[in-house]
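Colleague: Just to be clear, the model below is a prediction. Sequence and coordinates:
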Amino acid sequence: MGAPSTAPRVREIVEAAVTGAGLLLDYLEIAGSGRSTVVRVTVDLAEDDDGTLDLDRVGDVTRVVSDALDATDALPGAYTLEVGSPGAERSLTLARHWRRARGRTVAVRRTDGGALTGRLVQVADGDAPDLVVVPVTAPGKGRRPVEGAPVTLAWDDVREARVQVDLAAVRDDEADDDAGLRDGAGRG
């Protein structure tokens, strides 16, 4: 990490810039020093933001953060700025991460050693909410996934969790689109 006295000032500047751009600062790392200083910033959507964190928004916030850092002496000399999103298969570590993942497939490692993969259907209010996951198992190629009974997990029962990319859902959507086109229903 960069000089200890530099980090709080950089965090303050970056967080203000990111928040001003309508996003949340999810992670900040300052690595190296001098000409090899790298500032890594991960931004996320606010919990009530129904938009997407696309490349345009990441590009916009990158410019805002760069301008804010350049306007101060928090990082003397050259630095490399890397700004990105948490990614498609993000770790779920905060309640707001879970709320944004509602409706998505999640893989959960439980504190008792068990594992659960399924669709996240409910997240209670609060900072340590109960979670409801509908288990989904894939019976094999060419067969529809099978849903089990909903499982309620207490916050403290989750050791680690990640969002999973669900390519089967994409294939199902494409098949539905293709069927509509074959039936003569065009996209309007």
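Modeller: Sure, I can see it.
Colleague: Quick check: phi and psi on Ala115?
Modeller: Backbone dihedrals for Ala115, given as degrees, to the nearest 10, come out at phi -130, psi 150.
Colleague: three-state assignment of the closest residue to it other than its chain neighbours?
Modeller: Leaving aside its sequence neighbours, Ala115 sits nearest to Arg109 (Cβ to Cβ, 6 or more residues apart in numbering; 5.6 Å). C-beta coordinates here come from the backbone N, C-alpha and C atoms, glycine included. Assigned state for Arg109: strand (three-state reduction, DSSP: H, G, I helix; E, B strand; the rest coil).
Colleague: Provide a list of residues in contact with Arg109.
Modeller: Ala115, Val158, Arg159, Glu160, Ala161 (Cβ atoms under 8 Å, 6 or more residues apart in numbering).
Colleague: which residues pair with it across the strands?
Modeller: Note on Arg109: beta-bridge partners Ala115, Glu160, judged by DSSP bridges.
Colleague: can you give me the strands for the protein?
Modeller: In the chain, the strands defined using DSSP state E lie at 23-31, 38-45, 80-84, 105-110, 115-123, 131-137, 146-147, 151-153, 158-164.
Colleague: what about the residue nearest to Ala115, distance to Leu116?
Modeller: As judged by Cβ to Cβ, to the nearest Å, Arg109 and Leu116 stand 8 Å apart.
Colleague: now do Gly32
Modeller: Distance from Gly32 to Leu116, by Cβ to Cβ: 40 Å.
Colleague: Those two - which one has more neighbours?
Modeller: Remark: of Gly32 and Leu116, Leu116 carries more neighbours, 20 against 13, as counted by other Cβ atoms under 10 Å.
Colleague: how close does the more buried one get to Arg110?
Modeller: To Arg110, Leu116 is 7 Å away according to Cβ to Cβ.
Colleague: Mutual contacts of these two, please.
Modeller: Residues touching both Leu116 and Arg110 (Cβ under 8 Å, 6+ apart): Leu153.
Colleague: what do Arg109 and Leu116 both touch?
Modeller: In contact with both Arg109 and Leu116: no residue, using Cβ under 8 Å, 6+ apart.
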